[in-house]
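Colleague: Prediction below, plus the sequence it came from.
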Amino acid sequence: MLLNTAVAFDVNRIRADFPALHQSINQKPLVYLDNGATAHKPQCVIETTKQFYAHGNSNVHRGIHTLSQHATNAYETARKTIRRFLNAPSEEEIILTSGTTMSCNLVAHSFGEAFLKTGDVVLVSEMEHHANIVPWQLIAARKGATVKAIPITDNGTIDLDVYRSFLTESVRLVSLIHVSNMLGTINPIHEMIQMAHEQGILVMVDGAQSAPHLPIDIQALDADFFTFSGHKVFGPTGTGVLFGKKHLLEQMPPFFGGGDMIRTVSFDETTFNVLPHKFEAGTPNIAGFLGLDAALNYVMEVGFDGIEAHEQQLFAYAHAQLRAIDGLTLYGPSTDKAPVFSFMVQHIHPFDLGTLLDKQGIAVRTGHHCTQPLHRRFGLSGSVRASFTFYNTLEEVDALVHGIQKARRFF
Amino acid sequence: MNPTIPSIAAREAEVIAEFQLADGDWELETELLIDQGNLLEPMDPALKTEATRVHGCVSQVWLHARLEEGRMHLWADSDSHLTKGIIALLIRVLNFQKPADIVQTELRFIEEIGLKHLLTSQRQGGLAAMVKKINAEASRYTPNA
């Protein structure tokens, strides 16, 4: 079947697949613009998880019985789908986690344990999510290493010359956000990985905000680690993915201990399972990963060609409409971005704007979006964020603009 | 009791009556709330310190309380207009009351005027934090509370 190339992108057809989009909030049709926090789920994801609990429920990698074997096959099929989604070289390099936060903690703890030593530097950027800052600070404090941040420009981008100047001999690893969850900035990650590799420095990529918007090709990027969250790519919450290069994962100690991650256990010596199971202790989120399998297949069937074209249209229209609002400041005004907008409106506290938009059925994020250093960089303690995805429409951009204008009239 | 200061219950009844006129219309309620905030006596900026900060609110809130002639005097402010409106209502109801009366009162106006439906769950947590702080201040002057 050539579904993914034969069907043209039709936003109305896509919206029909997402039941949560068709509801009223505060007596108004829902306009969901908080996709950066979590995305809604297509019916196939909901149905898959429901079917698992209704009929397929069993633990994985444990039983000889039929249900357990079916569950194991389905779970491992999800891993195959994820490998295909990322174009990763092998399934043993795909670790299933609970989300990007857990992936970052896993790498920080385990890689840090194996490779970080006193005086080493872990390089991040000023636009990182807290999940890509705090785990590094924790391990750095234990190992006598430091965490340094690459500053960003007023435009909300990383200056590559400045970045190059930070790639010094003491840097052991660079961990970078691919797409900023506050600004939507798409970092030139391929080039940044190459620049780090030229200096013999490893790179981890936080793809939580890129995986829903851009096709990811791990082999082309040559990232040493790459992570994303299932729930932001239309899958269930509590699912995440960590890709790691095999030779690195093999040298890293387990993060969690428990069932499934061992080969033999005795009080004298415990030996560990092979990759990827070495990093997957305990019963995983089986239903969640079956749902993620359905979600990624759904996204690949819709196809990134159509997704990107539609989102670029949304971005261009929303960017122009928001900029035209008197007293509205957009942060990081570069235009090479995912359809994510953080802004402030003069004289309105972000929480007040968020509340008054909610009254009109419009869901946005308010606060610091887990990026306090980045907000501080722009002299802010919080902002309002509207994050679009491929099921959003141009009419919803109009609804947002109208909603902001209505809210302004109160102040 | 001092005849010039209506009781907490009387103040609450006043606020409830005003908000009932909005009849659940969020736009009218929002206007009423913002108006309340605008009527609030300004708080001396010097009083906006870590000690007066109310934690647990989504916006910045400061609350200062002082006992004068046996009654609680309250000042508060917020950088959010809606939060300031809520604070203004709390102060309107509780200002100049006796600490013991504040401690003993279970406020009903918040529920009655449906303020909760104007608030997100985060904001409800903030409101609870403000009420708790006022109660804590009042308790300091109520030995047996």
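Modeller: Yes, it's here.
Colleague: check contacts around A:G230.
Modeller: With contact set as Cβ atoms under 8 Å, 6 or more residues apart in numbering or on different chains, A:G230 has these partners: A:99, A:236-241, A:288-289, A:291-292, A:295. All C-beta spots, glycine's among them, are computed from the backbone N, C-alpha and C.
Colleague: repeat that with 7 Å
Modeller: By Cβ atoms under 7 Å, 6 or more residues apart in numbering or on different chains, the contact list for A:G230 reads A:236, A:239-241, A:288, A:292, A:295.
Colleague: Equivalent analysis for A:I193, please.
Modeller: A:203, A:221-223.
Colleague: for the chain, which residue is closest to the average position?
Modeller: Assuming you mean chain A. Most central in chain A under Cα atoms, centre = their mean is A:A208, positioned 1.0 Å from the mean C-alpha point.
Colleague: wrong one, chain B
Modeller: B:L90 (1.6 Å).
Colleague: ok, now how distant is the nearest residue to it once chain neighbours are set aside from B:D79?
Modeller: Closest residue to B:L90 apart from its sequence neighbours, by Cβ to Cβ, 6 or more residues apart in numbering or on different chains: B:M130 at 6.2 Å. Note on B:M130: its distance to B:D79, by Cβ to Cβ, to the nearest Å, is 14 Å.
Colleague: For these two, indicate the residue with more neighbours.
Modeller: Neighbour totals were compared for B:M130 and B:D79, and B:M130 leads with 21 against 17 (other Cβ atoms under 10 Å in any protein chain shown).
Colleague: Contact partners for the more buried one?
Modeller: So B:M130 contacts B:54, B:61, B:63, B:87, B:90 (Cβ under 7 Å, 6+ apart).
Colleague: Out of the residues you listed, who's the most crowded?
Modeller: Ranked by neighbour count (other Cβ under 10 Å), the contacts of B:M130 have B:I87 at the top, with 29 neighbours.
Colleague: So for that residue, what's the pLDDT?
Modeller: As predicted, B:I87 sits at a pLDDT of 90.
Colleague: Can you list which of the contacts of A:G230 are found in helices?
Modeller: Counting by DSSP state H, the part of the contacts of A:G230 found in helices is A:288, A:292, A:295.
Colleague: Tell me the one of those residues nearest B:L47?
Modeller: A:G288 (49.7 Å; Cβ to Cβ).
Colleague: Leaving out sequence neighbours, find the closest residue to the residue in chain A that chain B sits nearest to.
Modeller: Closest contact between chain A and chain B, by Cβ to the nearest Cβ, is at A:H349 (3.8 Å). Nearest non-adjacent residue to A:H349, counting by Cβ to Cβ, 6+ apart: B:S80, 3.8 Å away.
Colleague: just checking, that neighbour touches B:S59?
Modeller: Yes - using Cβ atoms under 7 Å, B:S80 is in contact with B:S59, at 3.6 Å.
Colleague: got any residues that touch both of these two?
Modeller: A:349, A:351.
Colleague: So for stretch A:319-334, what gets flagged as buried?
Modeller: Of the residues in stretch A:319-334, A:319, A:321-322, A:325, A:328-332 count as buried by neighbour count, 16 or more other Cβ atoms under 10 Å in any protein chain shown.
Colleague: Pull out the buried residues from stretch B:44-55.
Modeller: For stretch B:44-55, using 16+ other Cβ under 10 Å, the buried residues are B:48, B:52, B:54.
Colleague: Low-confidence ranges, chain A, go.
Modeller: A:1-7 (pLDDT under 70).
Colleague: next one: chain B
Modeller: Checking chain B against pLDDT under 70 turns up B:1-3, B:57, B:116-124, B:144-145.
Colleague: Contact residues of it facing chain A?
Modeller: Contacts of chain B with chain A, taken as Cβ under 7 Å from any Cβ of the partner chain, map to B:26, B:30-31, B:34, B:58-59, B:79-82, B:120.
Colleague: in chain B, which spans are strands?
Modeller: Remark: strands assigned in chain B by DSSP state E are B:61-68, B:71-78.
Colleague: Tell me what angle the last one forms with strand B:61-68.
Modeller: Comparing the axes of strand B:71-78 and strand B:61-68 via axes from the mean of the first three to the mean of the last three Cα atoms, to 10 degrees yields an angle of 160 degrees.
Colleague: Give the other helices and strands that strand B:71-78 contacts.
Modeller: In terms of contacts (3 or more Cβ pairs under 7 Å, 6 or more residues apart in numbering or on different chains; DSSP states H and E), strand B:71-78 is packed against strand B:61-68, helix B:81-94, helix B:121-140.
Colleague: returning to that earlier point: need the ones in helices among the contacts of A:G230 in a markdown table (columns: distance to B:L115 and neighbour count).
Modeller: Formatted as a markdown table, these follow (distance: Cβ to Cβ, whole Å; neighbours: other Cβ atoms under 10 Å in any protein chain shown):
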| residue | distance to B:L115 | neighbour count |
| --- | --- | --- |
| A:G288 | 38 | 24 |
| A:L292 | 40 | 31 |
| A:A295 | 39 | 27 |
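Colleague: same for chain B: which of the residues you listed are within range?
Modeller: Within the ones in helices among the contacts of A:G230, nothing lies near chain B by Cβ under 7 Å from any Cβ.
Colleague: what would those residues look like in JSON lines with distance to A:E191?
Modeller: Listed next are the ones in helices among the contacts of A:G230 as JSON lines, based on distance: Cβ to Cβ, whole Å:
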{"residue": "A:G288", "distance to A:E191": "34"}
{"residue": "A:L292", "distance to A:E191": "30"}
{"residue": "A:A295", "distance to A:E191": "30"}
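Colleague: before we move on, the earlier item: just checking, which of the strands of chain B sits deepest inside the structure?
Modeller: Mean neighbour count (mean count of other Cβ atoms under 10 Å in any protein chain shown) peaks for strand B:71-78 among the strands of chain B, with a mean of 21.
Colleague: got the angle between it and helix B:81-94?
Modeller: 170 degrees.
Colleague: CA atoms only for strand B:71-78, dumped as CSV, please.
Modeller: What follows is strand B:71-78 as a C-alpha-only set of coordinates in CSV (Å, rounded to 0.1, in the frame of the first residue of the first chain):
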residue,chain,number,x,y,z
ARG,B,71,-8.6,44.4,65.0
MET,B,72,-6.7,43.0,62.0
HIS,B,73,-5.5,45.5,59.4
LEU,B,74,-4.7,43.9,56.0
TRP,B,75,-2.7,45.1,53.0
ALA,B,76,-2.1,43.0,49.9
ASP,B,77,-1.1,43.3,46.3
SER,B,78,-0.4,41.1,43.3
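Colleague: Note down every partner strand of that strand and its orientation.
Modeller: Strand pairing for strand B:71-78, using DSSP bridges, gives strand B:61-68 (antiparallel).
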